[in-house]
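Q: Predicted model, plus sequence, below.
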Amino acid sequence: MKSFAMLGINKVGWIEKEKPVAGPYDAIVRPLAVSPCTSDIHTVFEGALGERTDLILGHEAVGEVVEVGKEVKDFKPGDKVVVPAITPDWRTIEVQQGYHMHSGGMLAGWKYSNIKDGVFGEYFHVNDADMNLAHLPDDIPLEAAVMLSDMVTTGFHGAELANIELGDAVAVIGIGPVGLMSVAGAKLLGASRIIGIGSRKALIEAAEYYGATDIVNYRNGPIDEQIMDLTGGKGVDRVIIAGAGSDILKTAVKIVKPGGTISNVNYFGEGDTLPIPRLDWGNGMAHKTIIGGLTPGGRNRMEKLINLVKYNRIDPSRLVTHKFHGFEHIEKALLMMKDKQQDLIKPVVFVE
Ligand code: NDP
Ligand code: ZN
């Protein structure tokens with residue numbers, strides 16, 4: 001089958017691969033709509049996961065089931081499904097410990113375009129279909145649904161990890177598609193003031209649409225100074241990091257109040273260490289929590305997100321700024337995620 005792959009660090013291209021085979025609990029799915037992720041860019045162009053050869057890219061998809069293993073109960077060929085970016089092995093000890101993202105080892109719940117072929121092929125494999133797929137209701141458009149795989153779940157996870165309490169002031173550093181969903185998640189969780197930090201006009205307008213009360217443009221001066229000005233020198237209760245390089249941790253530690261939380265969903269692609277400024281971290285005694293996480297996946301998570309769309313709590317289709325029809329446009333869409341033109345939030349490629 002035809003597929004779009006990472007050939008090696010800094011190299012992508014079209015290759016032929018064998019159609020995947022379903023085990024007894026698995027499914028084979030044909031993509032209907034896919035989207036490239038900034039994480040694919042870190043993986044290919046920064047070599048952030050190390051070398052990968054002829055690995056099919058992509059981990060955001062909605063599709064149609066074409067084949068199921070004999071033990072699969074809830075899905076059959078023809079069903080339309082949302083496929084999460086994270087497809088854990090549910091029979092692992094890490095799942096019992098509460099972290100399905102790390103089933104089988106750190107980050108190992110993230111299989112597509114990491115440790116197994118991704119979704120940018122004519123077909124792709126889904127392990128444990130009953131536990132990892134979710135039925136796509138007819139009234140949810142494909143472009144909204146494909147944002148659930150990764151963008152919505154990740155952005156929301158940033159808000160969840162930040163431990164937001166009703167009335168909290170929250171700063172969201174980076175308002176790309178992930179950060180925008182953190183803004184939306186912070187609003188749903190009851191934040192009062194939500195400060196979105198970015199620079200591109202399209203993102204700023206979207207941040208306001210999703211619930212940002214204030215915007216800080218990081219190109220207009222140091223973020224910490226701007227946040228301190230906005231908050232009367234107090235800082236914010238929670239910080240969600242969804243953009244920028246690893247140095248941004250310094251800023252986050254500066255702008256969060258003692259007792260506050262910094263939640264990171266960024267994929268730091270470079271450097272061996274991450275910086276924590278000693279004095280701003282209260283010499284180690286400021287009760288400023290720093291936590292970072294891979295997004296949740298699996299069926300239950302996707303079903304909950306589908307319901308948030310169904311009951312009009314969130315409309316992720318506002319993230320989709322560029323639409324392509326035809327599988328061959330995957331390459332162009334991926335490179336758009338690398339170049340991030342002014343008006344881009346997310347491209348979606350409809351296979352037909
Ligand atoms: P984008 O590149 O689309 O957005 C990044 C945002 O960060 C933009 O708003 C950009 O501003 C802003 N930014 C860039 N540099 C700075 C800076 N120096 N200071 C402040 N803000 C800055 O990324 P995505 O939203 O697609 O993804 C965000 C991150 O999440 C990526 O690292 C991605 O790999 C990761 N990710 C993590 C997942 C997880 O499971 N934890 C899953 C999916 C993605 P501007 O307006 O100028 O463009
Ligand atoms: Zn991703």
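A: On my side now, so go ahead. Ligands and ions are numbered 1, 2, ... in the order given.
Q: Can you read off the backbone torsions of the closest residue to Thr321 other than its chain neighbours?
A: Among residues not flanking Thr321 along the chain, Ile345 sits closest, at 4.6 Å (C-beta to C-beta, 6 or more residues apart in numbering). For every residue, glycine as well, the C-beta is placed using N, CA and C. Main-chain torsions, Ile345, degrees, to the nearest 10: phi -110, psi -70.
Q: Pull the contacting residues for Ile345.
A: By C-beta atoms under 8 Å, 6 or more residues apart in numbering, the residues touching Ile345 are 176-177, 180, 202-203, 206, 319-321.
Q: Retrieve the pLDDT associated with the closest residue to ligand 1 within the stretch 201-350 of the chain.
A: The minimum distance from the stretch 201-350 of the chain to ligand 1, using C-beta to the nearest ligand atom, falls at Gly243 (2.0 Å). With respect to pLDDT, Gly243 has a value of 97.
Q: rewinding a little: near ligand 1, which of the contacts of Ile345 show up?
A: Contacts with ligand 1 within the contacts of Ile345, as defined by C-beta under 6 Å from any ligand atom: 176-177, 203.
Q: How many neighbouring residues does the residue nearest to the residue of the stretch 201-350 of the chain closest to ligand 1 when sequence neighbours are not counted have?
A: Distances taken as C-beta to C-beta, 6+ apart put Gly174 closest to Gly243, at 1.8 Å, once the chain neighbours are dropped. Per other C-beta atoms under 10 Å, the neighbour tally for Gly174 reads 24.
Q: so does the helix or strand of the chain with the lowest mean pLDDT get close to ligand 2?
A: Here the helix or strand of the chain ranked lowest by mean pLDDT, DSSP states H and E is helix 38-45, holding a mean of 94. Yes: Helix 38-45 lies within reach of ligand 2 by C-beta under 5 Å from the ion, at Ser39.
Q: how about that helix, does it reach ligand 1?
A: Yes: with C-beta under 6 Å from any ligand atom as the criterion, ligand 1 is reached by helix 38-45 at 38-39, 42.
Q: Please indicate which of the ones next to ligand 1 among the contacts of Ile345 has the highest neighbour count?
A: Pro177 (29 neighbours).
Q: Let me see the contact set for that residue.
A: 147, 151, 155, 319, 345-346.
Q: quick check, distance from the helix or strand that the least confident helix or strand of the chain is followed by to the centre of its chain.
A: Next along the chain after helix 38-45, taking DSSP states H and E as the criterion, comes strand 55-56. Centroid separation between strand 55-56 and its chain, computed with C-alpha atoms, centre = their mean, to the nearest Å, is 19 Å.
Q: neighbouring contacts of strand 55-56?
A: 3-6, 15, 17, 113, 117-121, 124.
Q: Ligand 1 contacts on the stretch 251-352 of the chain?
A: Counting by C-beta under 6 Å from any ligand atom, the residues of the stretch 251-352 of the chain close to ligand 1 are 265-267, 294-295, 340.
Q: Using a markdown table, please lay out those together with distance to Leu308.
A: What follows is these, written out as a markdown table (distance: C-beta to C-beta, whole Å):
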| residue | distance to Leu308 |
| --- | --- |
| Val265 | 18 |
| Asn266 | 23 |
| Tyr267 | 24 |
| Leu294 | 20 |
| Thr295 | 15 |
| Lys340 | 27 |
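Q: element containing the residue nearest to Val265 when sequence neighbours are not counted?
A: Counting by C-beta to C-beta, 6+ apart, Val265 lies nearest to Gly158, which is 4.2 Å off, once chain neighbours are set aside. According to DSSP H and E, Gly158 maps onto helix 153-161.
Q: and that helix, average pLDDT?
A: Averaging pLDDT along helix 153-161 gives 98.
Q: Briefly note if it comes near ligand 2.
A: No: Helix 153-161 lies out of reach of ligand 2 by C-beta under 5 Å from the ion, never closer than 6.8 Å.
Q: Who are the packing partners of that helix?
A: helix 177-188, strand 236-241, strand 256-264, helix 298-310 (3 or more C-beta pairs under 8 Å, 6 or more residues apart in numbering; DSSP states H and E).
Q: related to what we said a few turns ago, near ligand 2 too, which of the contacts of Ile345?
A: Answer for those near ligand 2: none qualify (C-beta under 5 Å from the ion).
Q: okay, those in CSV with distance to Asp26 next?
A: Formatted as CSV, the contacts of Ile345 follow (distance: C-beta to C-beta, whole Å):
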residue, distance to Asp26
Gly176, 32
Pro177, 29
Leu180, 33
Ala202, 39
Leu203, 38
Ala206, 37
Leu319, 30
Val320, 29
Thr321, 34
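Q: quick check, nearest of those to ligand 2?
A: For these, the residue nearest ligand 2 by C-beta to the ion is Pro177; the value is 9.5 Å.
Q: for the residue of the stretch 201-350 of the chain closest to ligand 1, helix, strand, or coil?
A: coil (DSSP: H, G, I helix; E, B strand; the rest coil).
Q: Just give me the neighbour total for the residue in the stretch 151-300 of the chain that ligand 2 sits nearest to.
A: Nearest residue of the stretch 151-300 of the chain to ligand 2 (C-beta to the ion) works out as Thr154 at 6.8 Å. Here the number of neighbours of Thr154 (other C-beta under 10 Å) works out to 28.
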